[in-house]
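**Q** Quick one, fold the following:
(4 chains)
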There are 2 protein chains.
Amino acid sequence: MVVEEPALVLQFVKALAHESRLRLLGLLAAREHSVQQLAALLSLKEPTVSHHLSLLREAGLVRMRQDGNTHWYNLELRTVSRLGRTLGMREQLETFASGQANLAGLDRTVRNYLTAEGRLKAFPATRKKRRPILVWLVRQFEDGRRYSEAEVNALIERRHHDRETFRRELVGYRMLARESGVYWRMPEADWAP
Amino acid sequence: MVVEEPALVLQFVKALAHESRLRLLGLLAAREHSVQQLAALLSLKEPTVSHHLSLLREAGLVRMRQDGNTHWYNLELRTVSRLGRTLGMREQLETFASGQANLAGLDRTVRNYLTAEGRLKAFPATRKKRRPILVWLVRQFEDGRRYSEAEVNALIERRHHDRETFRRELVGYRMLARESGVYWRMPEADWAP
DNA sequence: TGTCTAATTAGATAGATATCGAATTATCTT
DNA sequence: AAGATAATTCGATATCTATCTAATTAGACA
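**A** Now for the predicted structure:
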């Protein structure tokens, strides 16, 4: 089992730490719902629900699919489960102690490009430095899972605001593959040197 | 695996949803600490740490042992683990949908005595009604685990403010046993009729 | 293109909670 | 008993966040 970044776990528990958002997850656990439906079921206004859903989405706990101008929200049970389980591991809890990103054991190049919070300071100019950064970045993606473009962007934005550049580079290095709007992580053997 | 009360799960995730409290758990995951030590390690004042610890304690995630006037705090890894794992169960998530306590399948007497939030409205006057309430209450305690009086009080107070009465009755009905300040749940066979 | 619908975003306000210094409590020491 | 120490409780303030209405965006459809 993998140890998660403290910042991600904090984002996870903050996303859950409100009755309305737990209820949203509860409703989505049964079936997908539109924003209107959710607002009616919780007796809240649509902007409020939209706000809660955006927190859940940024934490990766729900995903959205659009049909016309209706947005259908679904539970990402695997992510909830993975992050929930990690809370029970002493090893994981220990990573919280410092309040910093878990930089130990990282490639030296990568460490130099990360802030204490684990975000990228810049996009590296030389190919030699770029590759290890992208390797580190693509490992944020689960193997064998399909991502929408919005999900790819959300994952990248946790590390750097320039989602377009990094997304393009990940595809260019054949670390991410893309077909008809769906992305997935490629096997390491295929990554460009 | 058991499904937890929605209110308990909410209390759990709220207790985790702050960087300082995650860091506290991280420090306690390695070894026990006093309040002073924790305050120094987090660069916070003691009252602040005390406040955070009380939230963690009420959620059952840490326990305290006193030596002189030093309070030593320990992680309750089992509780963290149990509640973390339950988040990954669809069945558990579905109980969040209503925003109400999970009253289905409860004894009729008990249900009549509970508010929508799952708290006891009153202490039942007749022995006939009292027993099922106490049975329900003692089942909030884990089997085979030892509780300090403060922990017993905290658990009871989640259900009713009058911790003294209910604690006395639980012991009187031989549902809880007590020896030198430590409490534990008795086997059901021993409970008084 | 204009209109309708669903959702999001912006901006304002009310409510919750994190933090601190001061006061209090509990325990130990002499 | 008196003073010292560790922690908690209290009360005030500052920060954060949940919620709403109003404005805006994006898609469907005629």
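**Q** okay, CA-based contacts and neighbour counts for the rest of this
**A** Fine.
**Q** Which element, helix or strand, includes the most centrally placed residue in chain A?
**A** The residue lying closest to the centre of chain A (CA atoms, centre = their mean) is residue A:155, at 3.9 Å. Assigned by DSSP states H and E, residue A:155 falls within helix A:149-157.
**Q** list the buried ones in the very next helix or strand once past that helix?
**A** With elements assigned by DSSP H and E, the helix or strand that comes after helix A:149-157 is helix A:163-172. Judged by neighbour count (16 or more other CA atoms under 10 Å in any protein chain shown), helix A:163-172 contains these buried residues: A:163, A:166-167, A:169-171.
**Q** Could you dump those residues into CSV with pLDDT and distance to residue A:92 added?
**A** Formatted as CSV, those follow (pLDDT from 0 to 100; distance: CA to CA, whole Å):
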residue, pLDDT, distance to residue A:92
A:163, 80, 28
A:166, 91, 28
A:167, 91, 29
A:169, 93, 31
A:170, 94, 28
A:171, 94, 31
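**Q** Return the member of the residues you listed nearest to DNA strand D.
**A** residue A:163 (16.8 Å; CA to the nearest atom of the strand).
**Q** What residues does that closest one make contact with?
**A** A:153, A:156-157 (CA atoms under 8 Å, 6 or more residues apart in numbering or on different chains).
**Q** before we move on, what about residue A:10?
**A** So residue A:10 contacts B:16-19, B:22 (CA under 8 Å, 6+ apart).
**Q** If we check DNA strand C, which of the residues you listed are in contact?
**A** For DNA strand C, the contacts drawn from the contacts of residue A:10 by CA under 7 Å from any atom of the strand are B:17-18.
**Q** returning to that earlier point: show me the residues around the residue nearest to the centre of chain A that make contact.
**A** A:140-141.
**Q** What distance do you get for it to DNA strand D?
**A** Here the distance between residue A:155 and DNA strand D works out to 20 Å (CA to the nearest atom of the strand, to the nearest Å).
**Q** With residue A:141 instead?
**A** To DNA strand D, residue A:141 is 26 Å away according to CA to the nearest atom of the strand.
**Q** again, but for residue A:22
**A** With CA to the nearest atom of the strand as the criterion, residue A:22 and DNA strand D are 11 Å apart.
**Q** Also residue A:87?
**A** Counting by CA to the nearest atom of the strand, the gap from residue A:87 to DNA strand D is 20 Å.
**Q** pretty sure residue A:132 contacts residue A:110?
**A** Yes - using CA atoms under 8 Å, residue A:132 makes contact with residue A:110 at a distance of 6.5 Å.
**Q** okay, now the closest residue to residue A:16 other than its chain neighbours: neighbour count?
**A** Once flanking residues are discounted, residue A:16 sits nearest to residue A:22: 5.9 Å by CA to CA, 6 or more residues apart in numbering or on different chains. Neighbour count of residue A:22, defined by other CA atoms under 10 Å in any protein chain shown: 26.
**Q** Okay, and residue A:22 sits in which element?
**A** helix A:19-30.
**Q** Give the pairing partners of the host helix or strand of residue A:183; include direction for each.
**A** For residue A:183, the element it lies in under DSSP H and E is strand A:182-185. Strand pairing for strand A:182-185, determined by DSSP bridges: strand A:146-148 (antiparallel), strand A:176-179 (antiparallel).
**Q** and those as CSV, adding mean pLDDT and mean neighbour count?
**A** Converted to CSV, the strands paired with strand A:182-185 look like this (pLDDT from 0 to 100; neighbours: other CA atoms under 10 Å in any protein chain shown):
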stretch, mean pLDDT, mean neighbour count
strand A:146-148, 78, 17
strand A:176-179, 89, 15
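**Q** what would the ones you listed look like in JSON lines with distance to residue A:81?
**A** Formatted as JSON lines, these follow (distance: least, CA to CA, whole Å):
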{"stretch": "strand A:146-148", "distance to residue A:81": "17"}
{"stretch": "strand A:176-179", "distance to residue A:81": "24"}
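**Q** now for those, which one comes closest to DNA strand C?
**A** Of all the strands paired with strand A:182-185, it is strand A:146-148 that lies closest to DNA strand C, at 14.6 Å by CA to the nearest atom of the strand.
**Q** quick one: residue A:160 and residue A:115 touch, right?
**A** No - when contacts are counted by CA under 8 Å, residue A:160 is not listed as touching residue A:115 (10.8 Å).
**Q** Identify the contacts common to those two.
**A** residue A:121.
**Q** Compare these two and say which is more crowded by neighbours.
**A** residue A:160 (18 against 15).
**Q** The nearest residue to the more buried one once chain neighbours are set aside bridge partners, please.
**A** Spatial nearest neighbour of residue A:160, excluding adjacent residues (CA to CA, 6+ apart): residue A:120 at 5.6 Å. Note on residue A:120: beta-bridge partners residue A:114, judged by DSSP bridges.
**Q** Report the contact partners of residue A:120.
**A** A:113-114, A:159-160.
**Q** Low-confidence bits of chain A, can you list those?
**A** Applying pLDDT under 70 to chain A flags residues A:1, A:102, A:104-105, A:116-117.
**Q** What residues does it have near DNA strand C?
**A** Counting by CA under 7 Å from any atom of the strand, chain A comes close to DNA strand C at A:34-37, A:46-51, A:53-54, A:69-72.
**Q** Pick out the one among the residues you listed with the largest number of neighbours.
**A** Of these, with other CA under 10 Å as the count, residue A:53 tops at 24 neighbours.
**Q** how close does that residue get to residue B:27?
**A** Taking CA to CA, to the nearest Å as the measure, residue A:53 and residue B:27 are separated by 32 Å.
**Q** ok, and for the helix holding residue A:22, which residues are buried?
**A** A:19-29.
**Q** In terms of neighbours, single out the busier of residue A:132 and residue A:110.
**A** residue A:110 (20 against 17).
**Q** Tell me if I'm right that that one and residue A:131 touch.
**A** No - using CA under 8 Å, residue A:110 makes no contact with residue A:131, being 9.7 Å away.
**Q** In chain A, which residue sits nearest DNA strand D?
**A** Closest point on chain A to DNA strand D, by CA to the nearest atom of the strand, is residue A:68, at 3.1 Å.
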